[in-house]
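**Student:** following is a predicted model, sequence given first.
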Amino acid sequence: MDEQQHDILHGVNLETILTRLHKKHGWEGLYSRIKINCFAKNPSIKSSLTFLRKTPWAREKVQNLYLYLKPQDRKGS
């Protein structure tokens, strides 16, 4: 239970993470930070989620980028 309280990603789904990163950086900004084609070629939340759910290494990179957001940027607004 203590681990869950300290895990920033606990309770945050991948769609929320991607949506907040997209809002903060846009597709070009995401691609400049993480070189994966789903952010460069006809990007959308849906197609990116499909790729990220199938590709653990890419999902981990996206989650790590999310962890670097300021706390106020991690919250929905």
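**Tutor:** Alright, I've got the coordinates. Residues are numbered from 1 along each chain as shown.

**Student:** what bits of the chain have low per-residue confidence?
**Tutor:** Along the chain, the model assigns pLDDT under 70 to residues 1-6, 70-77.

**Student:** recalculate using a threshold of 80.
**Tutor:** 1-11, 69-77 (pLDDT under 80).

**Student:** grab the longest helix from it for me.
**Tutor:** Longest among the helix segments of the chain by residue count, using DSSP state H, is helix 14-33.

**Student:** show me what that one is packed up against.
**Tutor:** helix 45-54, helix 56-67, helix 71-74 (3 or more C-beta pairs under 8 Å, 6 or more residues apart in numbering; DSSP states H and E). C-beta coordinates here come from the backbone N, C-alpha and C atoms, glycine included.

**Student:** hey, C-alpha coordinates of it in PDB?
**Tutor:** Extracted in PDB, the C-alpha atoms of helix 14-33 (Å, rounded to 0.1, in the frame of the first residue of the first chain):
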ATOM      1  CA  LEU A  14      -2.000   5.500 -20.400                       C
ATOM      2  CA  GLU A  15      -4.600   7.600 -22.200                       C
ATOM      3  CA  THR A  16      -4.500  10.200 -19.500                       C
ATOM      4  CA  ILE A  17      -0.700  10.300 -19.600                       C
ATOM      5  CA  LEU A  18      -0.700  10.600 -23.400                       C
ATOM      6  CA  THR A  19      -3.400  13.300 -23.400                       C
ATOM      7  CA  ARG A  20      -1.600  15.400 -20.900                       C
ATOM      8  CA  LEU A  21       1.800  15.000 -22.700                       C
ATOM      9  CA  HIS A  22       0.100  16.000 -26.000                       C
ATOM     10  CA  LYS A  23      -1.500  19.000 -24.400                       C
ATOM     11  CA  LYS A  24       1.800  20.100 -23.000                       C
ATOM     12  CA  HIS A  25       4.200  19.300 -25.900                       C
ATOM     13  CA  GLY A  26       2.100  18.700 -29.000                       C
ATOM     14  CA  TRP A  27       2.900  15.900 -31.500                       C
ATOM     15  CA  GLU A  28       6.100  17.600 -32.800                       C
ATOM     16  CA  GLY A  29       7.300  18.100 -29.200                       C
ATOM     17  CA  LEU A  30       6.600  14.500 -28.300                       C
ATOM     18  CA  TYR A  31       8.400  13.300 -31.400                       C
ATOM     19  CA  SER A  32      11.400  15.500 -30.600                       C
ATOM     20  CA  ARG A  33      11.600  14.000 -27.100                       C
END
